[in-house]
Every structure is written in structure tokens, then in C-alpha cells.
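**Q** give me a model of this one.
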Amino acid sequence: MRAPTLPSVAGAMVRSLAAHRLLTARQLHDLHTPQATPRWTRDVLGRLVARELVSFVHAGRGARRVYFLTPAGHQALDTSRPARADGARHAASAVSEHTLAVNDVGVAFVAAARARGDEFGPLAWRHEVAHPVGSAAVGRRKELVIADAVMTYLQYLQDGGLAFHYRFLELDRATEPTAMLAAKLIRYARLHSYTTNNHKEPLWHRTYPVFPEILVVLDGATRPALHRRAMTVLTLCQADPLLRRTPEVAISTCLLDDLRQHGPWAAIFERLHHDRPTTWIGEPA
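**A** Numbers count the residues shown, from 1 in each chain. Next up is the predicted model:
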């Protein structure tokens with residue numbers, strides 16, 4: 001039987017799956033085909049599955065389909081990243097909820113940029129970006145802080161100027177003690193000053209023109225529990241001596257449900273050293 005033909009958007013979907021590992025049909029629809037019907041998006045995905053470039057498992061809430069690239073899909077893209085041999089197992093695991101939540105953050109920013117005429121496309125965030133914060137002792141690994149994602153957003157200003165916004169994304173699903181989350185955020189202050197014997201400037205200067213702010217997005221519990229967790233984390237960070245000495249490390253928190261519903265330009269973010277909620281770039285409502 002002849003394989004079904006593919007529309008041009010199918011290639012963009014495959015590239016997004018390569019970059020973001022796991023995506024639902026709803027996420028792919030919001031990223032690539034918001035003007036089409038969800039049924040048409042599912043049809044395109046069905047054609048990719050028929051060509052064995054993409055596969056899926058039923059997982060998570062309501063046994064939804066979670067899509068991922070097959071080894072043949074990776075080969076079709078000629079990606080340097082090795083294909084996951086355990087793609088189906090990963091898609092069905094508890095880890096998938098974290099990956100999908102990270103991608104929900106990206107989807108919310110894509111929709112906001114599209115509505116405003118800014119630039120933040122389906123490939124504007126990278127997963128699990130590692131940064132050294134300490135030298136390795138003999139026989140031990142180098143100490144790292146690993147951002148769940150790094151986001152780059154280009155804002156077009158009303159006066160014709162441009163503003164690039166960089167963010168370290170931490171997606172917290174309330175699976176670990178609050179103190180552990182605060183401890184990871186504090187390590188970003190060490191990243192701000194970390195250098196090596198071979199470089200006079202902090203190492204992050206080699207990657208970012210400015211130090212990215214830290215965006216903590218909370219999910220996985222009730223709203224009251226998440227609000228308490230966010231306030232506790234900010235309180236712990238505010239009391240930390242290293243963060244007090246490093247005001248350049250800006251931290252803000254929001255709930256994933258609020259981000260999905262209202263978008264990043266709503267005043268849904270609580271910020272370190274701020275009394276009132278702001279937008280994601282620190283502006284009042």
C-alpha cells in the first residue's frame with residue numbers, strides 16, 4: 001500500500017518532536033496548526049505514524065496520546081542526537097508528565113508571541129541545559145546546575161526597538177521538598193560568579209549576553225498547596241546570603257494553570273523582592 005502523502009507542516013512537527021522529545025496532539029496543534037481543526041492535526045499525525053516516523057503511547061490524564069519520534073524519524077531528520085531506544089517506555093513513565101509540562105510552558109509562550117507579533121517559535125526552548133558551578137574534585141564529576149529548559153524570546157517594542165529575554169526554566173511538580181527546590185535556585189547565584197582559571201569573566205558570558213532570569217513554574221498539586229510552595233521558596237531565597245549578594249539573579253514563580261489560561265503577559269508572577277504580582281518581564285498589570 002502506498003504511504004499517505006504529508007503536508008509541509010509535517011516536517012515542522014517532526015522537528016519539534018526531535019527537539020522536545022514528547023508532545024501531545026493538543027500541543028502540536030497549538031504549536032503548528034492553530035488555524036486548522038484538531039481533527040486535521042490528528043490526521044497529519046496519523047500519516048506520520050503510518051510512515052513509521054512517529055509513534056505514540058496512551059499515557060497520563062485520560063489516556064491521551066503522547067507522541068515521540070521513532071529511530072526512523074530521527075534518521076529522516078539526520079539529527080546528531082541519538083534516537084531513544086526506550087521512547088515508548090519514556091512516554092509512558094512518570095517522567096513524561098514533567099517533560100510535557102515543560103513543553104506546556106513553551107506552548108504558552110508561543111501563543112503569546114504569535115498574538116503580539118513577537119518571536120518565540122516551536123524551537124525557542126532547549127531542554128536540560130547543563131552549566132558548571134564548581135570544579136570537579138579528583139575522581140568526582142564536575143558540579144552542575146541543569147536548567148529544565150532555556151528559553152529565548154524576542155520582543156518587538158512599540159518604539160521600533162528590540163528586546164531579547166532569556167530565561168532559565170525550572171518546572172516544579174511538587175515531588176521534592178521545598179528546600180531542595182530553593183537549594184537549586186540558590187546554585188544559580190553560584191553560576192553567576194563561577195569562572196575557571198582560564199577565564200577572567202564568569203563562564204556564563206560565553207553563552208548568554210545577559211544573565212537569564214529564573215522562571216519557576218509550579219504544577220502537580222492543588223492551587224493552595226502550590227501557592228504555599230511558591231511563597232516558601234521565595235522566602236527561603238530572600239533569606240539566602242548568596243542571593244542577597246547577587247541581585248542580578250532574578251527569580252519569579254507562577255502556576256502552570258495560570259500560565260496556560262492567561263499567558264505570560266498577565267500579572268500572574270510573584271517575584272523575589274517584589275510585593276505585587278507582575279508579568280513575566282517584571283512589569284505591573
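
**Q** can you give me the buried ones in the lengthiest strand in the chain?
**A** When the chain is scanned for its longest strand (criterion: DSSP state E), the result is strand 143-156. Neighbour-count burial for strand 143-156, with 16 or more other C-beta atoms under 10 Å as criterion, is recorded at Val145, Ala147, Asp148, Ala149, Val150, Met151, Thr152, Tyr153, Gln155. C-betas here are computed from N, CA, C, even on glycine.

**Q** got the residue ranges for the helices in the stretch 51-200 of the chain?
**A** Here the stretch 51-200 of the chain has its helices, by DSSP state H, counting those that start in this stretch, at 71-77, 87-92, 95-116, 178-193.

**Q** comparing these by mean pLDDT, which bottoms out?
**A** In terms of average pLDDT, helix 87-92 trails the rest of the helices of the stretch 51-200 of the chain, at a mean of 59.

**Q** where are the low-confidence patches of this structure?
**A** For the chain, the stretches flagged by pLDDT under 70 are 1-4, 60-62, 79-94, 136-140.

**Q** how does it divide into domains?
**A** Per automatic domain parsing, the structural domains of the chain span 9-93, 98-271.

**Q** dump those to a markdown table, plus distance to Gly282.
**A** Output for those, formatted as a markdown table (distance: least, C-beta to C-beta, whole Å):
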| stretch | distance to Gly282 |
| --- | --- |
| domain 9-93 | 26 |
| domain 98-271 | 6 |
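
**Q** how far off helix 178-193 does the longest strand of the chain point, in degrees?
**A** Inter-element angle recorded for strand 143-156 and helix 178-193: 80 degrees (by axes from the mean of the first three to the mean of the last three C-alpha atoms, to 10 degrees).

**Q** next, the angle from strand 143-156 to helix 95-116.
**A** 20 degrees.
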